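J.: Output the structure for:
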Amino acid sequence: MDVCEINMNASEIDESTRRYNSIRHIDQQYPDWHRDVPYEVLRQIGAIFHNSGADKDFGLVLLHRHTRLPSGFVMVHTRDDMRKDICEMEVVGMREVFPSSYLLDDAQFFPYEFSAARTPRPSSTLLCGLAECLRMHHLEKTLGLANIPSRDQLWLETMQLDGQRMVSESVPHEPENFDIHFVQTEWTILMTNDVYSLRAVKGCSKPEVGGHKPT
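T.: Down below sits the predicted model:
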């Protein structure tokens, strides 16, 4: 399999259970990495997204999980309501699903979460460039790649059913004390006057408001 391509088949979807479980729990991950990331690293990542034309469809994701998946299950996003996204455990093979979030595993990107709706595919230019950059800066266990519905929306996620279901809702603006109550987990990369910056497009509620428990 080409290391710069995403080729999905039944066995790869099955493997996503193992990959999901290998990710650190959100309370064990590094939620504040983006505050101290050297600008040179951000510039490199931003240039990769910009040069591959991936800015509108893809963003960075903080690799994290909320629970452990049983064998034969995957996490699937469903967005029947344009302002609500439900991500929950689903038995592999119940229906056709499409990759929505990717992690770097053994020098190659693989999906670890899926969508019930068809999603854009990342280009080989994006995958190769981002893989090289993450490995160079030792971020392959911290950052991944995710489809984002919009660069201008902010989604707030809360946990239900002990991590078996996550519900995200779109809000019109960043709430007061956003960083006190939420962990930033997804970002779009913006370029203004040749300067790159991160904008949060998703946050997961912290334990006292959302109830995360490491498993």
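J.: OK, contacts around the one residue sitting closest to the centre of the chain?
T.: For the chain, the residue nearest the mean C-alpha position is residue 61 (3.6 Å; Cα atoms, centre = their mean). Residue 61 makes contact with 101, 143-146, 185-186, according to Cβ atoms under 8 Å, 6 or more residues apart in numbering. Using the backbone N, CA and C atoms, a C-beta is placed for each residue, glycine as well.
J.: With adjacent residues omitted, what lies nearest to it?
T.: Among residues not flanking residue 61 along the chain, residue 146 sits closest, at 3.9 Å (Cβ to Cβ, 6 or more residues apart in numbering).
J.: Isn't the one you found up against residue 100?
T.: Yes: the pair residue 146 / residue 100 is scored as a contact, 6.6 Å apart, by Cβ atoms under 8 Å.
J.: Overlap in contacts, those two.
T.: Joint contacts of residue 146 and residue 100 (Cβ under 8 Å, 6+ apart) are residue 113.
J.: Least confident secondary structure element in the chain?
T.: Here the helix or strand of the chain ranked lowest by mean pLDDT, DSSP states H and E is helix 207-210, holding a mean of 52.
J.: Next one: residue 166 from residue 42, what distance?
T.: 27 Å (Cβ to Cβ, to the nearest Å).
J.: What of residue 104?
T.: Residue 104 is 18 Å from residue 42, by Cβ to Cβ.
J.: Check residue 110 too.
T.: For residue 110 relative to residue 42 (Cβ to Cβ), the value is 24 Å.
J.: List phi and psi for the most far-flung residue of the chain relative to its centre.
T.: The C-alpha centroid of the chain is most remote from residue 193, which lies 27.0 Å away (Cα atoms, centre = their mean). Here is the backbone geometry of residue 193 (degrees, to the nearest 10): phi 50, psi 40.
J.: what sits against it?
T.: Counting by Cβ under 8 Å, 6+ apart, residue 193 has no contacts.
J.: related to what we said a few turns ago, and the furthest pair within the contacts of residue 61?
T.: In these, two members sit farther apart than any others by Cβ to Cβ. They are 145 and 185, at 13.1 Å.
J.: so where is the chain shaky, pLDDT-wise?
T.: Confidence mapping of the chain against pLDDT under 70 gives the ranges 1-13, 30-32, 161-163, 207-215.
J.: Sketch out the helices for it, chain order is fine.
T.: Ranges of helices within the chain are 10-22, 33-36, 39-51, 124-136, 178-181, 207-210, based on DSSP state H.
J.: May I see the buried residues of stretch 131-148?
T.: 131, 133-134, 137, 139-140, 142-148 (16 or more other Cβ atoms under 10 Å).
J.: Using JSON lines, lay out the residues you listed together with distance to residue 95.
T.: Formatted as JSON lines, the buried residues of stretch 131-148 follow (distance: Cβ to Cβ, whole Å):
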{"residue": "131", "distance to residue 95": "30"}
{"residue": "133", "distance to residue 95": "34"}
{"residue": "134", "distance to residue 95": "31"}
{"residue": "137", "distance to residue 95": "37"}
{"residue": "139", "distance to residue 95": "33"}
{"residue": "140", "distance to residue 95": "30"}
{"residue": "142", "distance to residue 95": "31"}
{"residue": "143", "distance to residue 95": "29"}
{"residue": "144", "distance to residue 95": "24"}
{"residue": "145", "distance to residue 95": "23"}
{"residue": "146", "distance to residue 95": "21"}
{"residue": "147", "distance to residue 95": "18"}
{"residue": "148", "distance to residue 95": "23"}
